[in-house]
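Trainee: Sharing a sequence plus its predicted fold:
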2 protein chains.
Amino acid sequence: MFAPGTLRRVSEEAIVAAWRQLLAQHASTWCALERELGEKHGLGPSEFEVLDRMVESGHDKFRVQELADAVHLSQSALSRLIARLERAGLVGRNICEADRRGIFVCITPEGRARHAAALPTHRAVLAATLTPSTPALVE
Amino acid sequence: MFAPGTLRRVSEEAIVAAWRQLLAQHASTWCALERELGEKHGLGPSEFEVLDRMVESGHDKFRVQELADAVHLSQSALSRLIARLERAGLVGRNICEADRRGIFVCITPEGRARHAAALPTHRAVLAATLTPSTPALVE
DNA sequence: CGAGATTACATGCAATCGCATCTAATGCAA
DNA sequence: TTGCATTAGATGCGATTGCATGTAATCTCG
């Protein structure tokens, strides 16, 4: 069915088409999250994502770099994002006594409440925006 | 196999996992394009994408809004992006005589040359970064 | 024809981002 | 211990973005 050596070869058009579909899905979903989370809960997508990671992981005390990796932002962007969340009272910054260069980012009760309030909105946007062209997700 | 009504139901975890995979693929591919296209050809991913659309479509004369929709940018962002490409000599702005509010964006010979030079880099990045977790793309 | 609505694009502005750099704390070797 | 490299996070800076608005041309309806 395939010429020799073509099993792992992918046509250039297929890759480009996949990339463009990824771009389109990313743009529409991201914009929808920005609008819905922003209007209803005063959160940006990245901010929600950080809170979401902190809540789901169970534990407290996160390093800045750890969160930066999780949400695909630079260390500097995460530093400022944490500063915004701190100003909003959603997380706290505690000096790590074991290594006083670092800090522990801790979610506050208000942070948990805001996340809990925003969670249904977030999931609803994903379900509405992301599902149509990803039928492979049916369990 | 499925309980009634579950055929189109998708587990929340599956949707979230799909979204996070999309975010991860987008981030890694976008950053790789930014680095490679920027270093080797002085182009950003969006700028290349605009040139790519103009070249592949065959025709000349694009409206700003048309390009904005294609690359998922706002009209204002596209306006400035076109201004940058124009300063670089890669596209031209011609007043549309039929409707003097609008402009036609036209790629220049230098624009075509820059695109042609950057094309292999772009495709190589996509192939290297995007293929691993998308085996469904095999033709 | 003429006034107001609409459309196409440009631009002021504030927000966020990444890179480079800074500061402070730690680690390691002489 | 002392000095230098390294690491964690903060910050100055320039660039890009979206929203709101501005400007100019077109359209519409009376």
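Mentor: Perfect, thanks for sending it. What you are looking at is a predicted structure, and each value in this text was computed from that prediction instead of being measured. Residues are numbered from 1 along each chain as shown, chains lettered A, B, ... in the order given.

Trainee: can you tell me the helix or strand for residue A:50?
Mentor: Using DSSP states H and E, residue A:50 falls within helix A:45-56.

Trainee: elements contacting that helix?
Mentor: helix A:12-41, helix A:64-71, helix A:75-87, strand A:103-107, helix A:109-130 (3 or more C-beta pairs under 8 Å, 6 or more residues apart in numbering or on different chains; DSSP states H and E). C-betas here are computed from N, CA, C, even on glycine.

Trainee: quick one: is that helix near DNA strand C?
Mentor: Yes - contact between helix A:45-56 and DNA strand C, assessed by C-beta under 7 Å from any atom of the strand, occurs at residue A:46.

Trainee: Which residues belonging to that helix are considered buried?
Mentor: A:45, A:46, A:47, A:48, A:49, A:50, A:51, A:52, A:53, A:54 (16 or more other C-beta atoms under 10 Å in any protein chain shown).

Trainee: The second one: what's it in contact with?
Mentor: When you say that, I think you mean residue A:46. A:71, A:73, A:77, A:81 (C-beta atoms under 8 Å, 6 or more residues apart in numbering or on different chains).

Trainee: Relative to residue B:28, how far out is the closest residue to the first one other than its chain neighbours?
Mentor: Taking C-beta to C-beta, 6 or more residues apart in numbering or on different chains as the measure, residue A:71 lies nearest to residue A:49, with 4.7 Å between them; neighbours along the chain are not counted. Here residue A:49 is placed at a distance of 16 Å from residue B:28 (C-beta to C-beta, to the nearest Å).

Trainee: do the same with residue A:93
Mentor: Per C-beta to C-beta, residue A:93 is found 29 Å from residue B:28.

Trainee: go on, residue A:37?
Mentor: In terms of C-beta to C-beta, residue A:37 sits 24 Å off from residue B:28.

Trainee: Neighbour count: these two, which is higher?
Mentor: For residue A:37 versus residue B:28, the count of surrounding residues by other C-beta atoms under 10 Å in any protein chain shown is larger for residue A:37: 20 against 14.

Trainee: Isn't that one up against residue A:122?
Mentor: Yes - look at residue A:37 against residue A:122 with C-beta atoms under 8 Å: they come within range, at 6.5 Å.

Trainee: what is in contact with those two at once?
Mentor: Listed contacts common to residue A:37 and residue A:122 are residue A:48; contacts here mean C-beta under 8 Å, 6+ apart.

Trainee: Pick out the residue closest to the middle of chain A.
Mentor: Centroid-nearest residue in chain A: residue A:49, 3.6 Å away (criterion: C-alpha atoms, centre = their mean).

Trainee: For residue A:119, see how far away it is.
Mentor: From residue A:49 over to residue A:119 the distance is 12 Å, taken as C-beta to C-beta.

Trainee: again, but for residue A:25
Mentor: From residue A:25 to residue A:119 the distance is 21 Å (C-beta to C-beta).

Trainee: for residue A:110, same thing?
Mentor: Here the criterion is C-beta to C-beta. By it, residue A:110 lies 15 Å from residue A:119.

Trainee: Neighbour count for those two, which is higher?
Mentor: The neighbour count for residue A:110 versus residue A:119, taken as other C-beta under 10 Å, is higher for residue A:119 (16 against 12).

Trainee: Quick check: closest non-adjacent residue to the more buried one.
Mentor: Excluding the flanking residues, the one nearest residue A:119 by C-beta to C-beta, 6+ apart is residue A:52, at 7.6 Å.

Trainee: circling back: please name whichever of the helices and strands packed on helix A:45-56 is nearest to residue B:97.
Mentor: Closest approach to residue B:97 among those (C-beta to C-beta): helix A:12-41, 32.5 Å.

Trainee: List the buried residues for that closest one?
Mentor: The neighbour-count check on helix A:12-41 (16+ other C-beta under 10 Å) flags A:15-16, A:18-20, A:22-23, A:25-26, A:29-30, A:32-34, A:36-37, A:41 as buried.

Trainee: got the contact list for residue A:91?
Mentor: Shown in contact with residue A:91 (C-beta under 8 Å, 6+ apart): A:51, A:54, A:82, A:85, A:105, A:106, A:107, A:108, A:111.
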